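1. Sequence first, predicted coordinates after that:
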Amino acid sequence: MKVSVRNILVCLVLFAFCIGCSGNEEPPPPAKKPRVVKRIIKPPPRPVQTSAPQQEPVARPEKKEAEAQPQKKEEAQKTAPPPLQKLSKPAAPPVKPKPPEAKEEGVYVVKKGESLSGIAKKPEVYGDPLKWTVLYRMNLDKVGQFGKVADLPGKGLKEGLRLKVITPEEGKKNLEKQVQHFWIVNILSATDPEKIVPAAVTLIQKGYPVYITMARVKGKDWMRLRLGFYKDKKSAAADGKKVVEILRFSGSWATKIPEEELKDNGRF
């Protein structure tokens, strides 16, 4: 192989240049120490006070101070002025009970639950429940609306109703007018009040002063509806015919009653 001189020379020059460069190269600078970065911690921002500042916690008093507190309170109570007394309201005057209502003569005030027969039964009124016919006759304007019901004598009346009653003095005068009037009309006799009451109500509404008596015949109690009082049989029989036409039944008759029955019913 033939190598040209020129190429050899170029190689030598390059070699020499490389050796020279390696001898004159400066050493690398020493390595710097790593820089330490410290973290700066900022203090937290103060909160903005929007309300009253918080009070510092009060330290618990020592035992000696706690024991001294009752003594201080006692001293304060002794020196403190007495409390103002509240003015008490004057006591209300005692309520005086209402005086009982004065009873009006000839008037009876109905109480709760009372009926015609119950009122007539009272000793201060008539003392006989059968005398309900008298109360009904004298107070038609107040109790006449009940009609011809069989239970009318025991039917409850309105509380506070003022009923007219015949006083003892009036009864005495009425009886004086009936002296020697022993004749009556016996209209109806029955053991069932349902037959007596409607007939009695009808005749009272027509203006006839009927009354009811009791009689015991052959062991049975009979109610007798009668109309009185007449001086003779003829006068009694005449009204008897009128009554029969009103009630539309027969069976009435005129009869003479004992003096006892006249005294018991002639006052009304």
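-> Perfect, thanks for sending it.
2. Any chance you could list what contacts the longest strand seen in the chain?
-> In the chain, ranked by residue count with DSSP state E as the criterion, the top strand is strand 220-230. With contacts defined as C-beta atoms under 8 Å, 6 or more residues apart in numbering, strand 220-230 is touched by 130, 178, 181-191, 193, 196, 199-200, 203, 208-216, 236, 239-240, 243, 254, 257, 262, 265-266. All C-beta spots, glycine's among them, are computed from the backbone N, C-alpha and C.
3. I'd like the average pLDDT over it.
-> For strand 220-230, mean pLDDT is 95.
4. Dump the very next helix or strand once past it to CSV, keeping only the CA atoms.
-> Next along the chain after strand 220-230, taking DSSP states H and E as the criterion, comes helix 233-247. The C-alpha coordinates for helix 233-247 follow below in CSV (Å, rounded to 0.1, in the frame of the first residue of the first chain):
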residue,chain,number,x,y,z
LYS,A,233,-180.3,19.0,89.3
LYS,A,234,-182.0,20.8,86.4
SER,A,235,-179.2,23.3,86.0
ALA,A,236,-176.6,20.6,86.2
ALA,A,237,-178.4,18.4,83.6
ALA,A,238,-178.6,21.4,81.1
ASP,A,239,-174.9,21.9,81.1
GLY,A,240,-174.4,18.2,81.0
LYS,A,241,-176.0,18.1,77.5
LYS,A,242,-173.7,20.8,76.3
VAL,A,243,-170.7,18.9,77.5
VAL,A,244,-171.8,15.7,75.7
GLU,A,245,-172.1,17.6,72.4
ILE,A,246,-168.6,19.1,72.8
LEU,A,247,-166.9,15.8,73.6
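5. List the contacts of helix 233-247.
-> Counting by C-beta under 8 Å, 6+ apart, 183-185, 187-188, 199, 202-203, 206, 208, 227-228, 230, 250-256 sit against helix 233-247.
6. Among these, which lie within helices?
-> Among those, the members found in helices (DSSP state H) are 199, 202-203.
7. any idea of the pLDDT on the closest residue to Gly154 other than its chain neighbours?
-> Sequence neighbours aside, Ser115 is the residue nearest to Gly154 in space, at 4.9 Å (criterion: C-beta to C-beta, 6 or more residues apart in numbering). Note on Ser115: pLDDT of 95.
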